[in-house]
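**Student:** this one's structure only:
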C-alpha cells in the first residue's frame with residue numbers, strides 16, 4: 001500500500017467520525033425536548049458505517065476506507081411521563097420525551113472524538129514519512 005492511500009483512508013475515517021459527532025450533538029441538543037404526540041417526538045439518530053471495499057474488490061488498490069451508509073433512528077421506546085399540568089400534555093395528560101440516553105451519547109462523543117484524533121495523527125505520521133523519504137537523497 002502506498003503512503004498516499006493512507007491519506008484517502010484517514011480522510012474517509014475523519015469524515016465518518018465528523019458525521020458521528022454531528023449526529024451525537026443533535027441527539028444531545030434534543031434530549032430535553034418535549035412533545036404532545038408519539039409521532040412528533042424526536043428519536044435518537046445514529047450513523048451506520050461500512051468498510052468501503054469496492055475499489056479493493058475491483059483490483060484497483062488494497063486500501064479500504066469508511067463509507068457512511070446512512071443515519072437510522074433508534075427504535076428504543078420513548079420516555080412517556082404523566083404531567084397533566086404541562087402545556088404540551090396530550091388529552092390524557094401525557095408528555096413524550098426523546099429516547100436519548102445522555103450517558104450513551106457522551107460516550108459516543110468521546111469515542112468519535114478520539115477516533116477522529118487518531119486519524120489526524122495517522123495522516124500527520126504519513127506526511128512526516130513522505131517528507132523524510134524526500135530528504136534521503138539530499139546528503
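**Tutor:** Received it, and whenever you're ready, just let me know what you need. Computed from a predicted model, the values in this text were never measured in an experiment. Numbering: from 1, shown residues only.
**Student:** Closest to the centroid, which residue in this protein?
**Tutor:** residue 20 (1.1 Å; CA atoms, centre = their mean).
**Student:** so that one touches residue 66, yeah?
**Tutor:** No: using CB atoms under 8 Å, residue 20 is not in contact with residue 66; the gap is 10.2 Å. Just so you know, the C-beta spots here come from the backbone N, C-alpha and C atoms, and that holds for glycine as well.
**Student:** And the strands in this structure?
**Tutor:** 45-52, 65-73, 79-82, 94-97 (DSSP state E).
**Student:** can I get these in JSON lines with mean pLDDT and distance to residue 37?
**Tutor:** JSON lines is the format used below for those (pLDDT from 0 to 100; distance: least, CB to CB, whole Å):
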{"stretch": "strand 45-52", "mean pLDDT": "90", "distance to residue 37": "19"}
{"stretch": "strand 65-73", "mean pLDDT": "91", "distance to residue 37": "16"}
{"stretch": "strand 79-82", "mean pLDDT": "94", "distance to residue 37": "11"}
{"stretch": "strand 94-97", "mean pLDDT": "95", "distance to residue 37": "7"}
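**Student:** quick one: average pLDDT of stretch 101-109?
**Tutor:** What stretch 101-109 shows for mean pLDDT is 96.
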